[in-house]
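Asker: Mind folding the following:
(one chain, ligands or ions: 1)
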Amino acid sequence: MKSITLLGATGSIGLRTLDLVSSFPEEFSVAGLAARGSNVERVADLCKKYSPRVVALLEADALDQLARLLPAPRPELLAGPEGLVALARDVKADIVVSALVGGAGLLPTMAAIQAGRTVALANKETLVMAGRLMTAAARARGVKLLPVDSEHSAIFQCLQGHNRSEVRRILLTASGGPFRTMKAQDLAQVTVAEALNHPTWRMGAKITVDSATLMNKGLEVIEARWLFDVAAEQVQVVVHPQSVIHSMVEYVDGSVIAQLGVPDMGIPILYALTYPRRLPCPADRLDLTRVGALTFEEPDVERLPCLALARRALLEGGCAPVILNAANEVAVAAFLDGRIRFTQIPELIAEALARVPARALDGIDTCVDVDTRTRALVREWLPGGVTAAAK
Ligand SMILES: NC(=O)c1ccc[n+]([C@@H]2O[C@H](COP(=O)([O-])OP(=O)(O)OC[C@H]3O[C@@H](n4cnc5c(N)ncnc54)[C@H](OP(=O)(O)O)[C@@H]3O)[C@@H](O)[C@H]2O)c1
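Answerer: Below you'll find the predicted structure:
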């Protein structure tokens, strides 16, 4: 039986992971759970159902409420960013599922790696911010970083049994998001509800907006660069609106190997939890005769410039991806709050990349410092300034 610490237990990935724990009670148990604390009743229900030994919530008030909701004997309760780090580092677990959203996952994920724990990584923003540091720490500790992102799980599967030096390039597929065919002049008017209406995947709000801007694919190019140790130029993005091929690897002889499946995160999550074994995932099965045509096109980076911004940041190196990610997180939150237009998201990111001094990525403290400064600066640029956006 594998014990799991789940960072981001109440999110889309977290809840799907817990569904799998319920489906395979003889395979998995829950050692620890972490969340921000936005929905304490849900965390209490998860504690009753999965009996974790330790729970960490970012918000201390939420932790007090949780203590009142849970009858004794209750799990050990930890609060704040230090609590999340302690959970990832100190609670004995076979695997840590890193599924917090955004930069909040950086320090707990790094703590899990430094403690020598296998990490199933959904939280792509952490690799965008500190890919070089995290992969170096994982190598130094002999820690496995197992991809959960469906595209990276696909690439990981296409690489099994092959020689990495024979990889020519990675073909990273993208659905294209809800605005794939929308005219450039209409993008400024799109609503939050339209941006959240993803054509093929049901996910948390932040990643869904990232999919609409194509920033999600930009973050994934950076994620692939670090997870698979390939050059940025070796990662080609291909828009594939049916989301059936989750990504491909092209080898030097011209063979292209693909991984296909229905768009259900249960499949890559379960593979990361059981790697190298496979279990019968409780998910729909792919029926290609019902899918019909599979189509492919180039991404339109003129209309949706976030993918190009991410590539620029990756090529610039150092802390540029930290600036990209921080600006994107603030801009997406402001869009979701109705404070900026959709088209202002890439504008704010471009401005941050131009104006925040780029520094060498010489340690995790620098990463945190650049992240904090960038967020503060971009919040000042928002309509209404810093106070209303400080969330
Ligand atoms: N959803 C997908 O299908 C999918 C696919 C591939 C990759 N990913 C990646 O997986 C990660 C999670 O995505 P998601 O869609 O599951 O997100 P989500 O549904 O928004 O859930 C986010 C989780 O993180 C917690 N959280 C949010 N802000 C936090 C903070 N500041 N500190 C501590 N915890 C915080 C939330 O807790 P509360 O509920 O208490 O707020 C929740 O448990 C993201 O990095 C995303 O890019 C997701």
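Asker: Near the ligand, which residues of this protein are found?
Answerer: Residues of the chain lying close to the ligand by Cβ under 6 Å from any ligand atom are 8-14, 35-39, 58, 99-101, 104, 122-125, 149, 201, 203-207, 265. Just so you know, the C-beta spots here come from the backbone N, C-alpha and C atoms, and that holds for glycine as well.
Asker: Which residue does the stretch 251-391 of the chain have closest to the ligand?
Answerer: At 4.5 Å from the ligand, M265 is the closest residue in the stretch 251-391 of the chain, using Cβ to the nearest ligand atom.
Asker: In helices, which of the residues of the chain next to the ligand fall?
Answerer: 12-14, 124-125, 205-207 (DSSP state H).
Asker: Format the residues you listed as TSV; extra columns: neighbour count and distance to L348.
Answerer: Shown next, in TSV, are those (neighbours: other Cβ atoms under 10 Å; distance: Cβ to Cβ, whole Å):
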residue	neighbour count	distance to L348
S12	19	25
I13	27	26
G14	24	29
K124	29	20
E125	28	16
A205	16	18
K206	19	15
I207	24	18
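Asker: out of the residues you listed, who's nearest P73?
Answerer: Closest approach to P73 among these (Cβ to Cβ): G14, at 23.5 Å.
Asker: so what pLDDT did A31 get?
Answerer: As predicted, A31 sits at a pLDDT of 98.
Asker: Next one: it from E298, what distance?
Answerer: Applying Cβ to Cβ, to the nearest Å, the value for A31 to E298 is 45 Å.
Asker: on that earlier part again, which among the ones in helices among the residues of the chain next to the ligand gets closest to P75?
Answerer: Checking those against P75 with Cβ to Cβ, the nearest one is G14 at 16.0 Å.
Asker: Can you name the residues that contact the closest residue to that closest one other than its chain neighbours?
Answerer: Sequence neighbours aside, G8 is the residue nearest to G14 in space, at 4.5 Å (criterion: Cβ to Cβ, 6 or more residues apart in numbering). If a contact means Cβ atoms under 8 Å, 6 or more residues apart in numbering, then G8 has 14, 34-35, 97-101, 105, 122-123 as its contacts.
Asker: Which of the residues you listed has the largest number of neighbours?
Answerer: When neighbours are counted by other Cβ atoms under 10 Å, A34 leads those with 34 neighbours.
Asker: Whichever residue of the stretch 101-250 of the chain sits closest to the ligand: how many residues sit nearby?
Answerer: Closest approach of the stretch 101-250 of the chain to the ligand (Cβ to the nearest ligand atom) occurs at G204, with a separation of 2.6 Å. Look at G204: counted by other Cβ under 10 Å, it has 17 neighbours.
Asker: do A56 as well
Answerer: 30.
Asker: which is the next helix or strand following the strand or helix carrying it?
Answerer: Using DSSP states H and E, A56 maps to strand 54-57. If you walk from strand 54-57 toward the C-terminus, the next helix or strand you reach (DSSP H and E) is helix 60-69.
Asker: what residues are up against R53?
Answerer: R53 makes contact with 31-32, 75-76, 91, according to Cβ under 8 Å, 6+ apart.
Asker: One more: L18?
Answerer: 6, 9, 30, 46, 49-50 are the contacts of L18 under Cβ under 8 Å, 6+ apart.
Asker: How about Y251?
Answerer: For Y251, counting by Cβ under 8 Å, 6+ apart, the contacting residues are 162, 166-168, 257.
Asker: what are the bridge partners for it, then?
Answerer: Y251 forms beta bridges with V167, as assigned by DSSP bridges.
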